[in-house]
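S.K.: No letters, just coordinates:
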């Protein structure tokens, strides 16, 4: 699971959303993709949670050429700050509705 926390730069216009939409389309088509959720806090911080079935699937996404280019664009154009945490599930408990 990846937790991606970020803040967009002031003035980031319409160029961001098409890249974000393309990355979501690519990620969901990757073998091993499980889930994606995104949230925006009141203070503008954005949080995305991305889950892949295993470390190999996650690495394939990390290294996808279009994703690598989007990462570069994020650093130079889109994000004021970001923080990426990648973890493995040690324990999980679910409560079905």
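M.R.: Done, it's in. Just so you know, these numbers come straight off a predicted model, no measurement behind them.
S.K.: pLDDT value on residue 81, please?
M.R.: We have a pLDDT of 97 for residue 81.
S.K.: Thought residue 8 was touching it, still the case?
M.R.: No: counting by C-beta atoms under 8 Å, residue 81 stays clear of residue 8, with 9.5 Å between them. The way it works is simple: take the backbone N, C-alpha and C, and place the C-beta from them, glycine included.
S.K.: The two: who's more crowded?
M.R.: residue 8 (17 against 10; other C-beta atoms under 10 Å).
S.K.: Identify the residues contacting that one.
M.R.: Residue 8 makes contacts with 16, 44, 46, 78, 79, 80, as judged by C-beta atoms under 8 Å, 6 or more residues apart in numbering.
S.K.: out of these, which are buried?
M.R.: 16, 46, 78, 79 (16 or more other C-beta atoms under 10 Å).
S.K.: so what's the backbone phi/psi at the last one?
M.R.: In terms of degrees, to the nearest 10, the main-chain angles of residue 79 are phi -100, psi 130.
S.K.: what about the closest residue to it other than its chain neighbours, is that helix, strand or coil?
M.R.: The shortest distance from residue 79 to any non-neighbouring residue, by C-beta to C-beta, 6 or more residues apart in numbering, is to residue 6 (5.2 Å). Following DSSP: H, G, I helix; E, B strand; the rest coil, the label given to residue 6 is strand.
S.K.: Beta-bridge partners for residue 6, please?
M.R.: Beta-bridge partners for residue 6, by DSSP bridges, are residue 46, residue 82.
S.K.: So it sits against residue 71, correct?
M.R.: No: assessed by C-beta under 8 Å, residue 6 is found out of contact with residue 71, at 11.6 Å.
S.K.: related to what we said a few turns ago, make JSON lines from the buried ones among the contacts of residue 8 and add distance to residue 31 to it.
M.R.: Shown next, in JSON lines, are those (distance: C-beta to C-beta, whole Å):
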{"residue": "16", "distance to residue 31": "27"}
{"residue": "46", "distance to residue 31": "26"}
{"residue": "78", "distance to residue 31": "27"}
{"residue": "79", "distance to residue 31": "28"}
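S.K.: Sweet, I'm off.
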